[in-house]
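Undergrad: What would the 3D arrangement of this be:
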Amino acid sequence: MPLRAIIHGSDVVACLLDEAAWNTLKAQTRSKSVEPVLPCGHRAICKTSSLGTQFFAHVGSQAGPSCGAGETKEHLLLKSLVVKIAVEMGWTAVPEVPGEGWRADGMLERQGERRVIEVQWSHQEDVDFRFRQDRYTQAGLECVW
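TA: Next up is the predicted model:
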């Protein structure tokens, strides 16, 4: 359940749109006057989860294994809250940023400082945590869990 899509060449983060802008975008996607494209290249529609989280979803069953499918609505909500709060605190925040062998839940940047954010909602073994943490360290990024 992606939080961002590309619309008319610009990155749009669903959770950063106010309710009026989101409802307008939803209507435009329903009428097909606007067709968001996900970072994976698939077309998207606008949805709102039962927890109130605004997100983009693949049209039909286009989602592949690398598209972030399978996230819970709770994980999506927490990712959106991290992005919103980071922006309120003066950070540039981009959800779902891919790197070499990893995809961070969020990338935060401010005054030359970069951090990745991981929201870990489900159980994770220590060995998996260390493996994931090491990938970020090797990429020169501090990761906050």
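
Undergrad: Okay, and K47 sits in which element?
TA: Using DSSP states H and E, K47 sits in strand 44-48.

Undergrad: Pairing partners for that strand, with directions?
TA: Sheet pairing of strand 44-48 (DSSP bridges) gives strand 54-58 (antiparallel).

Undergrad: Show residues contacting the strand it pairs with.
TA: 1-5, 14-15, 17, 22, 36, 38, 42-49, 67, 69, 76, 80 (CB atoms under 8 Å, 6 or more residues apart in numbering). The way it works is simple: take the backbone N, C-alpha and C, and place the C-beta from them, glycine included.

Undergrad: Counting neighbours, what do you get for the nearest residue to L25 once chain neighbours are set aside?
TA: Sequence neighbours aside, C46 is the residue nearest to L25 in space, at 5.5 Å (criterion: CB to CB, 6 or more residues apart in numbering). For C46, the tally of surrounding residues (other CB atoms under 10 Å) stands at 23.

Undergrad: What are the buried residues along the strand holding K47?
TA: When burial is assessed from 16 or more other CB atoms under 10 Å, strand 44-48 yields the following buried residues: A44, I45, C46.
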